[in-house]
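Colleague: Requesting a structural model of the entry that follows:
(one chain, ligands or ions: 4)
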Amino acid sequence: AKDPTNSTAKNFTGYVTVRGAREHNLKNIDLTIPRDALVVFTGVSGSGKSSLAFGTLYAEAQRRYLESVSPYARRLFHQMAVPEVDAIEGLPPAVALQQQRGTPTTRSSVGSVTTLSNLVRMLYSRAGDYPAGQSIIYAEAFSPNTAEGACPVCHGLGRIYEVTEKSMVPDDSLTIRERAIAAWPTAWGGQNQRDILVTLGFDVDTPWRELPQKDRDWILFTEEQPVAPVYPGYTPEQTQRALKRKEEPNYMGTFSSARRHVFHTFANTNSPQMKKRVQQYMLSTDCPNCQGKRLRPESLSVKFAGYDITELSRLPLKRMASILIPYTDGTANLNSQQQTDHPEQAIVAQRITQDLVARIQVLLDLGLGYLSLERSTPTLSPGELQRLRLATQLYSHLFGVVYVLDEPSAGLHPSDTLALLKALEGLKKAGNSLFVVEHNLDIIRHADWLVDVGPDAGEKGGQILYSGPPQGLQQITTSRTAPYLFGELTLPARTPRQPMGWLKLAGVTRNNLINLEAAFPLGVFTTVTGVSGSGKSSLVSQVLVELVAEHLGHALPLEEEETDTLERTEPQETGGYITAGMESIKRLVRVDQKPIGRTPRSNMATYTGLFDYVRKLFAATPMARARKYDAGRFSFNVAKGRCENCQGEGFVMVELLFLPSVYAPCPVCHGARYNAATLEVLYRNKNIADVLNMTVDAAHSFFEEEPLIHRALSVLREVGLGYLRLGQPATELSGGEAQRIKLATELQKAQRGNTLYILDEPTTGLHPADVEKLLAQLNNLVDAGNTVVVVEHTMRVVADSDWVIDVGPGAGEEGGRIVAAGTPAQVAASPDSKTAPFLKQLLV
Ligand code: ADP
Ligand code: ADP
Ligand code: ZN
Ligand code: ZN
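Modeller: Ligands and ions are numbered 1, 2, ... in the order given. Model prediction:
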């Protein structure tokens, strides 16, 4: 590495020095990087950027911080992983803003993450317009999550749930015996209810719709729970005779109306499947008391600028700011009555709105003005969430901190990148340091200092190829980053493929899309572009996916949600239909960035199916056969083979008082996940835990003679995942890695053509060199007769596609239209497109 004191670029105030870093694949490296600067870490995926920035620098800062604050925690630290490094000097305390791995489990909203909601509540409490005679209410009473604030009818949920005859009896031509009451339990539970009805004298063999309304209402809605003798297997006549004869019944059954069953199950079951099943029969409507606003009437009666607090919280931040601005300089007057009665209110309003507007401005600068305070964070993309957190930090007035960020440009259109750079600049000016892992060339160019890690991934990486001001990287011939940073900007001209037909949508209404028409060319590679929030995902990942799936009769995979289904906000208005083109689509594959599993029990080997073959190999070894170990024995999810102390997780959770719990390696198996007997079985001198510890690259040579395994591993390498370990838990994988694993799993299958592939920002987390590999794979899919549609911000990918659909022009209400559609050259020439200027730069 270059000696920083020779640097001609800038005079830095101080340096962080690292000696002997060996975390993960790092090769005992030494490094000196400036403080109070924007330091960008570059390199191909798996080269070791994160191991250095997060695994070493951030982890060490965190460890020192915890050690300094909690002597109690210190005692537990020997169980916590300490970064493999000899020494780090000059390291300030660190704050990490990492891309969310997996979906956030905590329920929160834009307002709570940014803490803006607290300020807005304060504004309403202290400076709102109260109806005459109403006394002032505390800020908490403007939150639906408090007893003081929650609407008493819906308990702050905003929705009430009900069941109707139509929802519980979808087909009223059926008889009760034919299961007209779909909402009742299946199997025995439903039969039991039917038999009780027979005993009670109801007709179970007449079509539902012909039964008297009084009977139908009782069966569906009664709160009574009569207990009745049950004679299973008897006809109604036999049952009546048995009753008359007072024949001993089989048992006494308790009746439960369909509504009672649905609500009782929903409220009490522990099984998500049961919950989901009964939920199908529930209809939700806005609470009539609060109109879905979740607050009690007294809170909603307080207005500011004519809006109640919920109305204000539902506006895009951009609109909210423009409403508040007149109050910041006193140009807007409060209600005159208020002003005479409480002159201090005007001053309070001014103070709070000034603070609010200044904070909102940061969010607007980061291109997030289309969000509303009420928007729930699980519906945000990881990039949006990271920028929200960044904005919150910008306003926290911390200084002397190092912020460690993971690809803050993810999800950002090139036209928004400048704002991001300004935000980073702001943090730096306030006296902070920035360590950023990034692939976006515009950001890399703006760095004060570059650290290029590589040259390749895993074992073939982990070295510092360069550390210094950006321009010096040009001299480094081993760098994979230099050619993209300093090379030819434009791409060689190529002739776009001709569409083989068109998939046409009409009447598309979703989020900010209103009655939109869209046409996707078939048999080619299409990119969908537009600023963040313009409506790309609404169009592609939501509407297109749903309509095509519905046409194909695929049930959409139910979202595995961990959030309480009651709190999910349903899409308001949705519409759209396919008018042409479905005849040539036989299959739909969505390759998204959702995790491949939510627990450390799933990993790449299990997800791709590769592990099944591996387990069979182990079961076929002489020792396994002699001991009668089957393939199940080699699964860490099955009791017989796994370590019982950690139940096959390899980790145990350590609870820390006042601090988030940490995972520590299992003291019994030391992370191997299996019991000792299982580990005695060797296949070519490796036990099953050794295999899970291999990288894809290593396994690729190890399993050379096993064609099925070898093939699966080849595909994983082709999508740039050669550096991942087979057993790396799903929870440790980034969204981009999960997406590439899904893509590889798909590529491994035989290609039949006529498949529509949909990908949302597949280049996230990818170095330009990896992007090329990914593009080659996607182009192979197209050449095999498939259609690929990709939401994308990387202009190199857009320039290389056959067709571009540009959504916009702006975000939220200012977007939602198709601004331009055509070949890259055609879209680059569009005067209205915000994408055009950036695309033009790449085309000759
Ligand atoms: P980058 O950030 O450049 O994509 P990483 O630092 O994430 O690269 O990974 C560098 C190497 O370290 C890779 O070979 C990767 O498989 C390995 N690695 C990453 N995380 C872990 C982990 N938790 N345990 C062991 N190895 C890991
Ligand atoms: P893009 O993919 O171009 O970034 P999106 O389709 O995600 O844009 O968003 C378009 C608009 O729809 C934005 O105003 C966004 O806030 C809104 N939106 C997107 N998803 C949801 C949702 N689940 N609930 C409410 N609004 C949403
Ligand atoms: Zn209510
Ligand atoms: Zn264990």
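Colleague: CA atoms for contacts and neighbours, from now on please.
Modeller: Will do.
Colleague: From Tyr307, how far off is the residue in the stretch 1-150 of the chain that ligand 2 sits nearest to?
Modeller: Nearest residue of the stretch 1-150 of the chain to ligand 2, counting by Cα to the nearest ligand atom: Val110, 10.7 Å away. Distance of Val110 to Tyr307, computed by Cα to Cα, to the nearest Å: 19 Å.
Colleague: same deal with Arg241?
Modeller: Here the distance between Arg241 and Tyr307 works out to 68 Å (Cα to Cα).
Colleague: The two: who's more crowded?
Modeller: Ranked by neighbour count (other Cα atoms under 10 Å), Arg241 and Tyr307 place Tyr307 first, with 16 against 13.
Colleague: next one: phi and psi at the more buried one?
Modeller: Tyr307 has phi and psi values of phi -110, psi 140 when expressed as degrees, to the nearest 10.
Colleague: which residues does it bridge with?
Modeller: Counting by DSSP bridges, Tyr307 forms beta bridges with Phe304.
Colleague: so what pLDDT did it get?
Modeller: We have a pLDDT of 97 for Tyr307.
Colleague: Please apply the same query to Arg389.
Modeller: On pLDDT, Arg389 comes in at 86.
Colleague: shaky segments in the stretch 251-400 of the chain?
Modeller: Residues of the stretch 251-400 of the chain meeting the criterion pLDDT under 70: 333-340.
Colleague: can we see that at 90?
Modeller: Where the stretch 251-400 of the chain drops to pLDDT under 90, the residues are 266-280, 283-286, 329-347, 365-367, 376-399.
Colleague: Okay, helices next: where are they in it?
Modeller: With DSSP state H, counting those that start in this stretch as the criterion, the stretch 251-400 of the chain has helices at 258-268, 272-279, 297-300, 309-313, 317-328, 336-341, 344-365, 382-394.
Colleague: Can you lay out those helices as TSV showing distance to Trp184 and mean neighbour count?
Modeller: Output for those, formatted as TSV (distance: least, Cα to Cα, whole Å; neighbours: other Cα atoms under 10 Å):
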stretch	distance to Trp184	mean neighbour count
helix 258-268	6	18
helix 272-279	8	16
helix 297-300	37	20
helix 309-313	38	20
helix 317-328	45	18
helix 336-341	57	12
helix 344-365	49	19
helix 382-394	40	22
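Colleague: of all the ones you listed, which lies closest to ligand 1?
Modeller: Counting by Cα to the nearest ligand atom, ligand 1 lies closest to helix 382-394 out of the helices of the stretch 251-400 of the chain; the figure is 16.5 Å.
Colleague: ok, residues contacting that closest one?
Modeller: Helix 382-394 has contacts (Cα atoms under 8 Å, 6 or more residues apart in numbering) with 97-100, 110, 113-115, 359, 362-363, 366, 368, 377, 408-412, 423, 426-427.
Colleague: if I pick the nearest residue to Ala258 once chain neighbours are set aside, what's in contact with it?
Modeller: Distances taken as Cα to Cα, 6 or more residues apart in numbering place Leu220 nearest to Ala258, at 4.8 Å, with adjacent residues excluded. The contact partners of Leu220, by Cα under 8 Å, 6+ apart, come to 165, 257-259.
Colleague: Filter the contacts of helix 382-394 down to the buried ones, PyMOL style.
Modeller: A single PyMOL command selects the buried members of the contacts of helix 382-394 (16 or more other Cα atoms under 10 Å):
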select buried, resi 97+98+99+110+113+114+359+362+363+366+368+377+408+409+410+411+412+423+427
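Colleague: For the residue nearest to Ala258, which three-state class applies?
Modeller: Following DSSP: H, G, I helix; E, B strand; the rest coil, Leu220 is assigned to helix.
Colleague: Tyr757 falls within a helix, correct?
Modeller: No: according to three-state DSSP, Tyr757 belongs to no helix; its state is strand.
Colleague: Would you mind measuring from it to ligand 1?
Modeller: Distance, Tyr757 to ligand 1, by Cα to the nearest ligand atom, to the nearest Å: 25 Å.
Colleague: Next: Glu247.
Modeller: From Glu247 over to ligand 1 (counting by Cα to the nearest ligand atom), the distance is 69 Å.
Colleague: Next up, the contacts around the residue in the stretch 501-650 of the chain that ligand 4 sits nearest to.
Modeller: Ranked by Cα to the ion, the top residue of the stretch 501-650 of the chain for proximity to ligand 4 is Cys646, at 4.2 Å. Shown in contact with Cys646 (Cα under 8 Å, 6+ apart): 652, 666, 673.
Colleague: Format these as a markdown table; extra columns: secondary structure and pLDDT.
Modeller: What follows is these, written out as a markdown table (DSSP: H, G, I helix; E, B strand; the rest coil; pLDDT from 0 to 100):
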| residue | secondary structure | pLDDT |
| --- | --- | --- |
| Val652 | strand | 80 |
| Cys666 | coil | 88 |
| Arg673 | coil | 94 |
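Colleague: which of the residues you listed are close to ligand 3?
Modeller: Among the contacts of Cys646, no residue lies close to ligand 3 (Cα under 5 Å from the ion).
Colleague: need the residues you listed in CSV with neighbour count, can you?
Modeller: What follows is the contacts of Cys646, written out as CSV (neighbours: other Cα atoms under 10 Å):
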residue, neighbour count
Val652, 17
Cys666, 21
Arg673, 27
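Colleague: Go through the residues you listed and say which is closest to Val591.
Modeller: Arg673 (29.9 Å; Cα to Cα).
Colleague: Return the residues in contact with that closest one.
Modeller: By Cα under 8 Å, 6+ apart, the neighbours of Arg673 are 636, 642-643, 646-650, 689.
Colleague: ok, 10 Å please
Modeller: By Cα atoms under 10 Å, 6 or more residues apart in numbering, Arg673 lies in contact with 635-637, 641-651, 665-666, 679, 688-689.
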